[in-house]
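**Student:** structure, please.
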Amino acid sequence: MAATDADLARLRLALRVFGVVFVVGLWPLTVLWPAGWAWHAGDPSQSHYLQMIVGIYATLGVFLYRAARDPLAHLSLIWFTVWSSIVHGAIMAAQAVMHAGNLGHLLGDVPALFAVAAVLGWLTLRAAK
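**Tutor:** Reported below is the predicted structural model:
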């Protein structure tokens, strides 16, 4: 069965939304809700780790946004995002459970990563039919 225009449109929209969130949304989340998004104590601008993560995700966001033009030509990028989100979320979930002070992440960035993986994975499977 071929992908429908609606399937591709939904995938394009998801790629654009996640792209924008990755580019402009992560830093504000760490400031507004550090218990659910920041893995450090104190001022976010002082965390080298956070600056690195924001930079990596902002770069990924730009490429996801660009992939929305022709998602089926960028399946490897989309599947990288799906699987790396699952792995990243699983590692963070384990770390949050092992270190009780990080339990807020089980309500913040951990489910967000699993949601990115689920949405992009499901929409990509539908669109790639």
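**Student:** and the lowest-mean-pLDDT helix or strand in the chain, what's buried?
**Tutor:** One helix or strand of the chain scores below all others by mean pLDDT, DSSP states H and E: helix 34-37, with a mean of 84. Buried residues in helix 34-37, defined by neighbour count with 16 or more other C-beta atoms under 10 Å: 34, 36-37. C-beta: built from backbone N, CA, C; applies to glycine.
**Student:** what do you get for stretch 17-36?
**Tutor:** Of all the residues in stretch 17-36, those buried under the rule 16+ other C-beta under 10 Å are 17-19, 21-23, 25-27, 29-30, 34, 36.
**Student:** got those residues as JSON lines, with distance to residue 44 and secondary structure columns?
**Tutor:** As requested, the buried residues of stretch 17-36 are arranged in JSON lines below (distance: C-beta to C-beta, whole Å; DSSP: H, G, I helix; E, B strand; the rest coil):
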{"residue": "17", "distance to residue 44": "23", "secondary structure": "helix"}
{"residue": "18", "distance to residue 44": "21", "secondary structure": "helix"}
{"residue": "19", "distance to residue 44": "22", "secondary structure": "helix"}
{"residue": "21", "distance to residue 44": "17", "secondary structure": "helix"}
{"residue": "22", "distance to residue 44": "16", "secondary structure": "helix"}
{"residue": "23", "distance to residue 44": "16", "secondary structure": "helix"}
{"residue": "25", "distance to residue 44": "14", "secondary structure": "helix"}
{"residue": "26", "distance to residue 44": "10", "secondary structure": "helix"}
{"residue": "27", "distance to residue 44": "7", "secondary structure": "helix"}
{"residue": "29", "distance to residue 44": "10", "secondary structure": "helix"}
{"residue": "30", "distance to residue 44": "5", "secondary structure": "helix"}
{"residue": "34", "distance to residue 44": "7", "secondary structure": "helix"}
{"residue": "36", "distance to residue 44": "13", "secondary structure": "helix"}
